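Enquirer: Sequence below, structure please.
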Amino acid sequence: MIYCCGWCLKSECFKFDGAVKNGASCGAAPANQGVKNSNYCLPSYTAYKNYDYSEPGRNNEQPGLCGLSNLGNTCFMNSAIQCLSNTPPLTEYFLNDKYQEELNFDNPLGMRGEIAKSYAELIKQMWSGKFSYVTPRAFKTQVGRFAPQFSGYQQQDCQELLAFLLDGLHEDLNRIRKKPYIQLKDADGRPDKIVAEEAWENHLKRNDSIIVDIFHGLFKSTLVCPECAKISVTFDPFCYLTLPLPMKKERTLEVYLVRMDPLTKPMQYKVVVPKIGNILDLCTALSALSGVPADKMIVTDIYNHRFHRIFAMDENLSSIMERDDIYVFEININRTEDTEHVIIPVCLREKFRHSSYTHHTGSSLFGQPFLMAVPRNNTEDKLYNLLLLRMCRYVKISTETEETEGSLHCCKDQNINGNGPNGIHEEGSPSEMETDEPDDESSQDQELPSENENSQSEDSVGGDNDSENGLCTEETCKGQLTGHKKRLFTFQFNNLGNTDINYIKDDTRHIRFDERQLRLDERSFLALDWDPDLKKRYFDENAAEDFEKHESVEYKPPKKPFVKLKDCIELFTTKEKLGAEDPWYCPNCKEHQQATKKLDLWSLPPVLVVHLKRFSYSRYMRDKLDTLVDFPINDLDMSEFLINPNAGPCRYNLIAVSNHYGGMGGGHYTAFAKNKDDGKWYYFDDSSVSTASEDQIVSKAAYVLFYQRQDTFSGTGFFPLDRETKGASAAAGIPLESDEDSNDNDNDIENENCMHTN
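Expert: Next up is the predicted model:
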């Protein structure tokens, strides 16, 4: 049986006559591990010119308690390095210069040994005991040379860097100088233990390094064709486990329902909708609470007193953020069948004059916009009355407004609006309605072109050319003084959405909405312009903003306080159906099929790296899961998840954790790690290092976990390196042949089968 000393990494073959005594086989093992300044203390290393250091010449730092300077959003790299630095067998390998014997300069898949050498220099400085922190500039430069995605100073993913670094170290230290070609075979009904042994042996023929020894395990992959029932079984090595987190399949949204009844206040609802769904799902859920048919709803997003979005029924719910103000309007028409009505968005504006020396005016949006179904053929007076009726809950109507005040209606409104007394004209741009900057709610009126400029907006319903251009003649004023009532507001149409309003110049002043060009979206709407004095007098802003709450708003969905790590492992090993974008090629059908796939763990490595898949990506959404995963600090028993019948109990202790705080757009990485010399936990935050307690480690920020198998800790005296076929058999779960005199010692050598699973 081949073992490697955990202290000097010297490999020897042993035949056991009795129980293994910790450290008894090597003089390098300390007589007392609790003595800080024993013979095991690492030698001092001379400073490397490639690194910057803090307070050079200090010799009283605990080895390994060395921070890493942040070079500008490089906390992801610092966190990864601290976790690897506190992986005892890997760090011992570099501190004892074993890597120099195994540098592979000719591997076309490697980095000519540069990554391994740069990493070794950094580790030696961190464990020299001389520095409270170092600046890993040279190491980052080397990483950027071979992985351009890490060359800048942008925030990156810690797990992605770990994957690159482990692969880079493996190829730089690969003991295989010439990789043979190996024809992969399917199981074809052969026993799992035979196929597993074959797969591991083939893996070692091409990949044999300290990384394989420490981090590589084996899992079984089973694919079943849905058409011909072909079963394909393969055994594949892994370097880390990416575990999915149980995701919520539903989310809650708060929305406001605006009824057709103008006297009814908007009502706030809390609806439960699918996390991956569409707007129709939202309408269906709201319909169940309100009784309003889903096909009689239009969903909008209101921002800064205007429509930011008007959603189609098939749009994804992922486009709605948690803090969006979602208003759902009830309509009384069938949008696909009713040809006599159109739906128009309406916004409210307050007009004001920039100065007394100019006719230019501006406007600012206020209040809540609304949707309204109106007849396609309408008169100006009827449209005004419909709009006034729609706002009757918060617009105070009095007899004073019905009095004839033609002079105010004509002269004042012309000066403010620069158009006819009714304020209806077709705009060529939305500048009066909105501005490109979302924070600027005011906008500038455009001066209307004159008749000799071939204006296309000359028809302002019933006015002649003089009055259209702001000139009030005696004849015009007399006509407007006769029988005209004072209006609270005027209205103008936005034309960016290709709105076409046809005016018929007759006594009834008809307005026709052309459905062929009128589109219901956030860019086409009707603006109601209010004079500041009239707005202050007749418009009740508090009443306009008022709403009621439905009982559903008080509903609080039950929250699962946490999930266990074992729940994530079970989810990892659950059978799933491949997606349409990721099919499997069936050798029987000769076609790509959406097969069912199941992963099972066959053997586990001495150091198990667990990546919690907190960042979720799909066609519809990107999200970070802040679910608290409860993982054990000690005695993680993985034996229940191993399908290898010959694998003994496999217990692990936590040695390091990479944390991520923040969301998808950015955040900060730190690390917890257990020092191999004093056995205490520490918190690494870039250049800062502080003590930590075990109750701080389990948190919602935990992202990558490092577990070391209990039988491979340095205290046992040995660390197994399965480099030969016999070791490969053990890795695949094949029982090792042993002499008779060693059979009685199985109880003394704990977890022997599990020791040889890498």
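
Enquirer: quick one: low-confidence ranges for the chain?
Expert: 1-60, 353-361, 398-485, 494-524, 557-560, 616-623, 648-649, 665, 714-758 (pLDDT under 70).

Enquirer: quick one: buried residues of stretch 288-308?
Expert: By neighbour count on 16 or more other Cβ atoms under 10 Å, the buried set for stretch 288-308 is 289-290, 292, 294, 296-302, 305-307. All C-beta spots, glycine's among them, are computed from the backbone N, C-alpha and C.

Enquirer: cool, stretch 228-237 as well?
Expert: In stretch 228-237, the ones that count as buried by 16+ other Cβ under 10 Å are 230, 232-233, 235, 237.

Enquirer: what sits up against that stretch?
Expert: Contacts to stretch 228-237, defined as Cβ atoms under 8 Å, 6 or more residues apart in numbering, come from residues 184, 186-187, 192, 195-196, 198-200, 203, 207, 212, 216-225, 584, 586-589, 602, 732.

Enquirer: Give me the buried subset of those residues.
Expert: Members of the contacts of stretch 228-237 classed as buried by 16+ other Cβ under 10 Å are 187, 192, 195-196, 198-200, 203, 207, 212, 216-220, 222-225, 584, 586, 602, 732.

Enquirer: I'd assumed L526 was in contact with I344.
Expert: Yes: with contact defined as Cβ atoms under 8 Å, I344 and L526 form a contacting pair (5.2 Å).

Enquirer: how about the nearest residue to I569 once chain neighbours are set aside, phi and psi?
Expert: Among residues not flanking I569 along the chain, F641 sits closest, at 5.5 Å (Cβ to Cβ, 6 or more residues apart in numbering). When quoted as degrees, to the nearest 10, the phi and psi of F641 stand at phi -100, psi 0.

Enquirer: residues in contact with F641?
Expert: F641 sits in contact with 566, 569-570, 573, 601, where contact means Cβ under 8 Å, 6+ apart.

Enquirer: from the contacts of stretch 228-237, which ones fall inside helices?
Expert: 192, 195-196, 198-200, 203, 212 (DSSP state H).

Enquirer: for the residues you listed, which one is nearest E554?
Expert: D192 (54.5 Å; Cβ to Cβ).

Enquirer: Ignoring the adjacent residues along the chain, who's closest to the closest one?
Expert: Nearest to D192 is K220, by Cβ to Cβ, 6+ apart, at 6.9 Å.

Enquirer: Surely the one you found is in contact with D600?
Expert: Yes: here K220 reaches D600: they are 4.5 Å apart, a contact under Cβ under 8 Å.

Enquirer: shared neighbours, the two?
Expert: Between them, K220 and D600 share the contacting residues I643, judged by Cβ under 8 Å, 6+ apart.

Enquirer: Look up the closest residue to L282, ignoring the ones flanking it.
Expert: Per Cβ to Cβ, 6+ apart, closest to L282 is V273, 5.2 Å.

Enquirer: thought that neighbour was touching L317?
Expert: Yes: if you go by Cβ under 8 Å, V273 and L317 touch, sitting 5.9 Å apart.

Enquirer: which residues do these two both contact?
Expert: 251, 253, 281-282.

Enquirer: Out of those, flag the one nearest to T627.
Expert: R251 (14.1 Å).

Enquirer: Tell me how this structure divides into domains.
Expert: If you go by automatic domain parsing, the domain ranges for the chain are 2-184+192-216+605-755, 331-546.

Enquirer: Need phi/psi at Y703.
Expert: According to degrees, to the nearest 10, Y703 has phi -120, psi -50.

Enquirer: Could you give the number of residues near it?
Expert: 26 (other Cβ atoms under 10 Å).

Enquirer: right, and it touches G662 too?
Expert: No: the pair Y703 and G662 fails to qualify as a contact (Cβ under 8 Å) at a distance of 10.9 Å.
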